[in-house]
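**Student:** Structure of the sequence below:
(one chain, ligands or ions: 1)
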Amino acid sequence: MKQVEPLTRREEILEKQKQYLFPSVMTSYSEPLVLVRGKGIRLQDVEGREYLDFFGGILTVIAGHCNDKITDAIIDQARTLQHVSTLFPTIPQVELAEKLASIAPGRLQKSFFTNSGTEANETAILMARAYTGRHEVVALRHAYSGRSALALSLTANYAWRVGGPGLPGIVHAHNAYCYRCPFEKTYPACDLVCARDVEELIRTATSGLLAAFIAEPIQGVGGFVTPPREYFSIVAEIVRKYGGVFISDEVQTGFGRTGGRWFGIEHWGVEPDIITAAKGMANGSPIGATVATPEIADSLKGLTISTFGGNPVSTRAAKATIDFIESEGLLENARVVGAYLRERLGELQEKFPIIGDVRGMGLMQGMELVKDRKTRQPASEEMGRLMDLTRDNGLIVGKGGLYGNAVRFAPPLTCTRSDVDEAVRLLERSFSRLS
Ligand SMILES: Cc1ncc(COP(=O)(O)O)c(C=O)c1O
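**Tutor:** A predicted model of the protein is given here:
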């Protein structure tokens with residue numbers, strides 16, 4: 001990447017951030033990192049240092065930073081028609097909706113566009129309630145669903161549940177967290193007790209009249225918790241028995257992230273009634289989508305609008321992103337390079353006892369750090385130091401999990417084997433300096 005003259009000193013930017021932004025806006029690292037440009041899998045900070053990006057702006061830069069084809073589409077659309085609102089049908093909006101209908105699993109056919117994952121989840125719950133005429137929702141512990149009042153109530157991680165008690169009508173089932181099984185069992189001898197317990201939850205903590213079940217196929221903020229392959233089909237059967245619809249939150253797992261398939265839930269063989277998407281969908285342009293079956297989409301009577309939803313520039317960017325993923329064969333690349341990343345992370349696990357677990361799918365891989373492999377005590381403080389070390393070594397990774405001890409790897413789907421080798425080399429150096 002070309003070296004640039006820093007326009008502004010790092011300290012000045014940090015000072016302005018402190019002065020003018022809410023202090024609750026969380027930043028990574030003990031000293032925040034000010035980034036000024038990106039290309040492909042590389043980022044550059046304000047002092048001209050380069051980084052290999054294995055987090056993609058929280059799983060959002062799915063086709064690489066400042067992707068030429070997507071940028072060209074954005075510029076062309078910004079010069080043609082930038083905004084009219086959902087009051088007017090536009091070419092980019094209908095073209096994107098048609099494309100989504102062609103790649104979405106099962107009978108998902110109709111879309112509603114918003115600006116974020118939070119709004120996509122809000123819309124999904126609204127639609128489930130409109131369709132079923134019921135109110136109650138089952139979500140999963142360790143979930144992250146967004147930051148509106150409803151999405152915060154679906155979220156099940158105390159660190160993010162700011163603002164007091166949640167809304168009524170939502171209960172949280174145990175998640176399929178095999179490394180820390182809430183039932184202290186071991187897969188597969190457990191007979192998926194976590195999935196079967198959803199029925200007990202419905203029968204004891206709700207009226208038995210369910211509107212929806214909502215889950216991320218792989219819990220993102222939760223630390224890439226990946227359920228066993230039978231889990232969602234058992235849960236889906238229970239949820240449907242009690243009249244609820246199945247919502248798959250694909251905000252992190254969507255658009256090929258998990259390798260080989262467009263959407264994460266497809267790996268579990270369950271046909272959802274609604275999916276929600278955001279993040280990677282437009283490679284960084286703000287967008288959210290709720291895609292539903294025709295019956296569910298048609299069930300909302302009355303008026304609805306989203307001023308920026310379906311915005312021509314964002315929808316054009318999303319269509320260009322999906323086209324790029326398709327034309328470059330990135331679903332397959334995520335599968336193949338993801339498997340290689342997993343293998344290399346496994347090698348690190350053999351070398352460093354602090355790595356207790358390695359899990360994930362495709363280019364959504366994580367590891368959990370523990371003080372002791374037997375007790376599995378979370379190594380949360382060490383995780384903080386590892387974040388700073390990886391940054392010092394020129395690698396950007398994410399942090400997550402209820403205990404803040406999960407390392408999250410989610411590079412753009414354009415990631416190559418040699419990018420993986422470089423990341424593993426930088427990680428190895430960082431882990432070596434940790435002890
Ligand atoms: C699984 C999941 N759902 C929903 C959201 C909320 O998305 P947004 O931040 O775009 O509102 C997030 C954000 O991290 C997420 O990870």
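**Student:** In space, what's closest to residue 162 - neighbours in sequence excluded?
**Tutor:** Of all residues not flanking residue 162 in the chain, residue 152 sits nearest, at 7.1 Å (CB to CB, 6 or more residues apart in numbering). Any C-beta I mention is one placed from the backbone N, CA and C, and that applies to glycine too.
**Student:** quick one: the one you found and residue 161 touch, right?
**Tutor:** Yes. Using CB atoms under 8 Å, residue 152 makes contact with residue 161 at a distance of 5.7 Å.
**Student:** Show me which of these two is the more surrounded one.
**Tutor:** residue 152 (19 against 15; other CB atoms under 10 Å).
**Student:** List the residues that contact that one.
**Tutor:** By CB atoms under 8 Å, 6 or more residues apart in numbering, the contact list for residue 152 reads 145, 146, 160, 161, 162, 163, 166.
**Student:** hmm, which of those residues are the buried ones?
**Tutor:** 145, 146, 160, 166 (16 or more other CB atoms under 10 Å).
**Student:** Next, format those as JSON lines and append pLDDT and distance to residue 67.
**Tutor:** Formatted as JSON lines, these follow (pLDDT from 0 to 100; distance: CB to CB, whole Å):
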{"residue": "145", "pLDDT": "98", "distance to residue 67": "28"}
{"residue": "146", "pLDDT": "98", "distance to residue 67": "26"}
{"residue": "160", "pLDDT": "95", "distance to residue 67": "30"}
{"residue": "166", "pLDDT": "94", "distance to residue 67": "38"}
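**Student:** Which ones, among the residues you listed, also lie beside the ligand?
**Tutor:** Checking the buried ones among the contacts of residue 152 against the ligand by CB under 6 Å from any ligand atom, the ones in range are 145, 146.
**Student:** you'd agree residue 365 is in a strand?
**Tutor:** Yes. With DSSP: H, G, I helix; E, B strand; the rest coil as the criterion, residue 365 is part of a strand.
**Student:** isn't it right up against residue 358?
**Tutor:** Yes. With contact defined as CB under 8 Å, residue 365 counts as touching residue 358 (7.1 Å).
**Student:** thinking again about what came up before, for the ligand, state which of the buried ones among the contacts of residue 152 is nearest.
**Tutor:** residue 146 (3.5 Å; CB to the nearest ligand atom).
**Student:** do you know how far the residue most central in space within the chain is from residue 226?
**Tutor:** Centroid-nearest residue in the chain, with CA atoms, centre = their mean: residue 252, separated by 1.9 Å. The gap separating residue 252 from residue 226 is 12 Å, by CB to CB, to the nearest Å.
**Student:** ok, now residue 277?
**Tutor:** 19 Å.
**Student:** what do residue 252 and residue 226 both touch?
**Tutor:** In contact with both residue 252 and residue 226: residue 218, using CB under 8 Å, 6+ apart.
**Student:** helix or strand for the residue of the stretch 151-300 of the chain found nearest the ligand, which one?
**Tutor:** When scored by CB to the nearest ligand atom, the stretch 151-300 of the chain has residue 251 as its residue closest to the ligand, at 3.5 Å. In the assignment (DSSP states H and E), residue 251 maps to no helix and no strand.
**Student:** Strands of the stretch 251-400 of the chain, residue ranges please.
**Tutor:** 274-277, 288-292, 355-361, 364-369, 395-396, 398-400 (DSSP state E, counting those that start in this stretch).
**Student:** okay, the ones you listed in TSV with mean pLDDT and distance to residue 417 next?
**Tutor:** Shown next, in TSV, are the strands of the stretch 251-400 of the chain (pLDDT from 0 to 100; distance: least, CB to CB, whole Å):
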stretch	mean pLDDT	distance to residue 417
strand 274-277	98	28
strand 288-292	98	32
strand 355-361	98	17
strand 364-369	98	14
strand 395-396	98	16
strand 398-400	98	21
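**Student:** Turn these into JSON lines, including mean neighbour count and distance to the ligand.
**Tutor:** Converted to JSON lines, the strands of the stretch 251-400 of the chain look like this (neighbours: other CB atoms under 10 Å; distance: least, CB to the nearest ligand atom, whole Å):
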{"stretch": "strand 274-277", "mean neighbour count": "29", "distance to the ligand": "7"}
{"stretch": "strand 288-292", "mean neighbour count": "29", "distance to the ligand": "6"}
{"stretch": "strand 355-361", "mean neighbour count": "22", "distance to the ligand": "14"}
{"stretch": "strand 364-369", "mean neighbour count": "26", "distance to the ligand": "11"}
{"stretch": "strand 395-396", "mean neighbour count": "23", "distance to the ligand": "17"}
{"stretch": "strand 398-400", "mean neighbour count": "22", "distance to the ligand": "10"}
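**Student:** could these go into TSV alongside distance to residue 99?
**Tutor:** Shown next, in TSV, are the strands of the stretch 251-400 of the chain (distance: least, CB to CB, whole Å):
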stretch	distance to residue 99
strand 274-277	12
strand 288-292	11
strand 355-361	23
strand 364-369	22
strand 395-396	30
strand 398-400	28
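**Student:** for the ligand, what are the nearby residues on the chain?
**Tutor:** Listed as neighbours of the ligand in the chain under the rule CB under 6 Å from any ligand atom: 58, 116-118, 121, 144-146, 216, 220-221, 249, 251-252, 278.
**Student:** rerun that using 8 Å as the cut-off
**Tutor:** Contact residues, the chain versus the ligand (CB under 8 Å from any ligand atom): 58-59, 115-121, 143-147, 151, 216, 219-221, 249-253, 276, 278-279, 286, 288.
**Student:** Can you give me the buried ones in the worst-scoring helix or strand of the chain on mean pLDDT?
**Tutor:** Of all helical and strand segments in the chain, the minimum by mean pLDDT, DSSP states H and E falls on helix 10-20, at a mean of 93. Buried residues in helix 10-20, counted by 16+ other CB under 10 Å: 10, 13.
**Student:** Would you mind confirming that residue 90 makes contact with residue 315?
**Tutor:** Yes. Under the criterion of CB under 8 Å, residue 90 makes contact with residue 315 at 7.5 Å.
**Student:** State the pLDDT value of the residue of the chain found nearest the ligand.
**Tutor:** Using CB to the nearest ligand atom, the single residue of the chain nearest to the ligand is residue 117, 2.3 Å away. At residue 117, the model reports a pLDDT of 98.
**Student:** Can you report how many residues neighbour it?
**Tutor:** The number of residues packed near residue 117 is 28, by other CB under 10 Å.
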